[in-house]
Structures are given as structure tokens and as C-alpha cells.
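J.: here's a sequence, model it:
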Amino acid sequence: MTPDSFSDGGEHDTVDTAIAFGLRLRGFGADVVDVGGESTRPGAQRVSHDEEAARVVPVVAALAQEGVRCSVDTMRASVAEAAVAAGASLVNDVSGGLADPAMLPVVAGLGVPYVAMHWRGHAADMQSRAVYGDVVAEVCEELSQRLDACAAAGVSSVVVDPGIGFAKTAEHNWALLKNIDRLQALGPVLLGSSRKAFLGALLDGRPPVERDAATTALTVVAAQAGCWGVRVHDVRGSADAVRVVERLRT
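T.: Numbering: from 1, shown residues only. Presented below is the predicted three-dimensional model:
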């Protein structure tokens, strides 16, 4: 629901187009439709609470009424609370509760599952924070700290996200993807690699919309590793990949 997302900004930024797209995503095989009203691409500026809520809540309400399971992609506790009241069944917070001190207590009170992403700062300057001695060890340690904070707040169902592309270089992203097992030692893992810049670099500068095949390849990797889920743009390709991996296990 933003005009400035790196991959599809402006394509679904009205309530009607977003609802129609959410219904199509379900038809393509999405288990959860993630609805966000604030771009987190590198360099993005924050929007106001009122604007974010106005973008997100009507879409969640309409999709939930159609039986679509929704998550709300937000760093604000107040937006999370409004979206869950409208029908969202999961809160996806790219800050892992660091951007808003009220987030974890609110999620605990709502009783919904929570995705806690590895985060070192807001999009405007996050790439300056991509400094690690051992990226896998440090991301695991920082996520472990967020899990402790979640437990202390009473959040009982938590999925971790290593934050591919968030305060990470391409090499950092690849190192994390090579070590999914170490991330899974923390708990269920969500990977959000879809169409990101490190794939564009691998593919000689292809634009975001031409990175779906590479994204699907990473979905295969994630499915084989037993990840909880992937957050993608091309739902059909990834859903097909998961079905293939599952069939080979039977």
C-alpha cells in the first residue's frame, strides 16, 4: 500500500487495487497476505501514523471479511492493534520491537503470532550499520536478544526473520542464507529475499521484476531447509516450488 516500495511501489496503493491483488495472491497459493503501509526499502522515509493506518486497516478488514488470512507489516504498536482489530491474525515487525517500545506488550495482549526481524535502524540510514565481524553469529545473537524481550513481554508465538537486505551487504545476505540451520536453532524462520538487490547483483543488474526465478530458487532452498515460510512477490512460482519439495518428501 505504498507508492515507493522498491519492487512494486504504486501498483497496489489504493484500497480497491490492494484488495483485488490480495484476493489474487490467495488464489495463487498464498497462505498469508502481508499488508503494509510504509516502505522499508533502503533510504525510505517514514510516513505518519495516520497515513500508515489509513493505508492498511481498510485493506485488512476487506480481505479478512473474504476469509483471507492477513498479517500486518508495521513497526507501530497502534497500527498493529488497529489491524488485528480489523481482522489481521499475525504481526510482522521489521524492527523486532525496537522501533516502538509499546509493540511487544501490545502483541502479547493481542495474543497473535509475531514475526521479529533482525534490525539495526530505520531505512533512511540502515546500510551504514552493515558492519559485522561475524554476520551469522551477530545476527543470531541479536535475534536471541529479541526473543528474550518477547518472552519477557509475554509474546508466546514468535517467528524470526534474519532481515535479508536490512543493514546487510550482498555478502552478508549470502552468508546468512548459507547458514539457515543456525538461524533455525532459534526457532521458526521467515525468509524475505524476494527480488532484493543482492539478487540483482548476481544477475548482472536485472531490475526487480526480472528476479523472480532466482527468488523461487531461494524458496526451494528454504523449503528444503524446513523454514516456516517465505515472503515473496511471485506467489505462484514459490507455491509451486514448495509443492514440489513436499512431494519429494512423501
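J.: who does the longest helix along the chain touch, helix- and strand-wise?
T.: When the chain is parsed with DSSP state H, its longest helix is helix 135-153. Using 3 or more C-beta pairs under 8 Å, 6 or more residues apart in numbering; DSSP states H and E, the elements in contact with helix 135-153 are helix 103-110, strand 114-117, strand 158-161, helix 170-178, helix 180-184. (Glycine included, C-beta is placed from N, CA and C.)
J.: tally up the residues packed near residue 148, please.
T.: Residues within reach of residue 148, counting by other C-beta atoms under 10 Å, total 10.
J.: likewise residue 247?
T.: By other C-beta under 10 Å, neighbour count at residue 247 equals 8.
J.: give me the distance from the helix or strand that contains it to the chain's centre.
T.: Per DSSP states H and E: residue 247 is located in helix 235-249. In terms of C-alpha atoms, centre = their mean, to the nearest Å, the centre of helix 235-249 is set 20 Å apart from its chain centre.
J.: over to stretch 133-144?
T.: 19 Å.
J.: stretch 224-240 now?
T.: Averaging C-alpha positions (C-alpha atoms, centre = their mean) puts stretch 224-240 12 Å from its chain's average.
J.: mean confidence score for it?
T.: Averaged across stretch 224-240, pLDDT comes to 97.
J.: burial measure for residue 67, as a count.
T.: Neighbour number of residue 67 under other C-beta under 10 Å is 9.
J.: again, but for residue 178
T.: Residue 178: 11 neighbours (other C-beta under 10 Å).
J.: for the helix holding residue 247, packing partners?
T.: Packing partners of helix 235-249 (3+ C-beta pairs under 8 Å, 6+ apart): helix 15-28, helix 212-225.
J.: looks to me like residue 190 is in a helix.
T.: No - remark: residue 190 does not belong to a helix; assigned using DSSP: H, G, I helix; E, B strand; the rest coil, it is strand.
J.: who's it bridged to?
T.: Under the criterion DSSP bridges, residue 190 forms beta bridges with residue 229.
J.: so what's it up against?
T.: 92, 115, 159-161, 227-231 (C-beta atoms under 8 Å, 6 or more residues apart in numbering).
J.: which SSE is the nearest residue to residue 74 once chain neighbours are set aside in?
T.: Spatially, and ignoring its direct neighbours in sequence, residue 74 is nearest to residue 80 (5.3 Å; C-beta to C-beta, 6 or more residues apart in numbering). Residue 80 belongs to helix 77-86 when assigned by DSSP H and E.
J.: so after that helix, what's the next helix or strand?
T.: strand 90-93.
J.: output the contacting helices and strands for the helix holding residue 80.
T.: By 3+ C-beta pairs under 8 Å, 6+ apart, helix 77-86 packs against helix 49-65, strand 70-73, strand 90-93, helix 103-110.
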